[in-house]
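> here you go, sequence then predicted model.
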Amino acid sequence: MTNTLATRIAAILGFMAVALGAFGAHGLKELLTQNGTTAIWEKAVLYHFIHVVILFVLAHRKPVFIGPWLSFLAGIMIFSGSLYLLAVTNARWLGAVTPIGGVSFLVGWAWLAIRASRPSS
């Protein structure tokens, strides 16, 4: 993966985090309140946005540190994605999918921790 492609994907996901945050606060406010899932939507946006920042950091390494980058991408898609869907549909079974995304986040952070302890090549 090139740095440019990684940066573009991170930028698109950053745009989506801001848009989804605003959409949840305004466009979906009544639905989320009715479902009692406003906090779930907000948690999805928070984790989405935090991990977009690390995608940007990793996208600017030469070469891109692809393993953790893909782990964080998968985490955003699975963790935040399942929470977004759960918040809108109130399909509680989606909560069983969310931890898979959480594990993806953990793998990405652990990978970085282990990699940081190794001497650079």
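The structure has been received and is ready for your questions. Residues are numbered from 1 along each chain as shown.

> make it CA atoms for all contacts and neighbour counts henceforth
Noted.

> against Leu46, how distant is the spatially most central residue of the chain?
Residue closest to the mean C-alpha point of the chain, counted by CA atoms, centre = their mean, is Ile76 at 2.4 Å. Separation of Ile76 from Leu46 (CA to CA, to the nearest Å): 10 Å.

> what does Ala87 give?
14 Å.

> the more surrounded of the two?
A direct count of neighbours by other CA atoms under 10 Å for Ala87 and Leu46 places Ala87 higher, at 27 against 16.

> and the more buried one, helix, strand or coil?
helix (DSSP: H, G, I helix; E, B strand; the rest coil).

> now swap in Val64 and tell me
Per three-state DSSP, Val64 ends up coil.

> that one: neighbour count?
20.

> tell me the contacts of it?
1-3, 6, 58 (CA atoms under 8 Å, 6 or more residues apart in numbering).

> average pLDDT for the host helix or strand of Ser82?
Per DSSP states H and E, Ser82 falls inside helix 81-89. Computed over helix 81-89, the mean pLDDT rounds to 96.

> Provide the secondary structure category for the nearest residue to Val88 once chain neighbours are set aside.
Computed as CA to CA, 6 or more residues apart in numbering, the closest residue to Val88 that is not its neighbour in sequence is Leu32, at 6.6 Å. With three-state DSSP as the basis, Leu32 sits in helix.

> picking that back up, what does the residue nearest to the centre of the chain show for phi and psi?
Main-chain dihedrals, Ile76, degrees, to the nearest 10: phi -60, psi -50.
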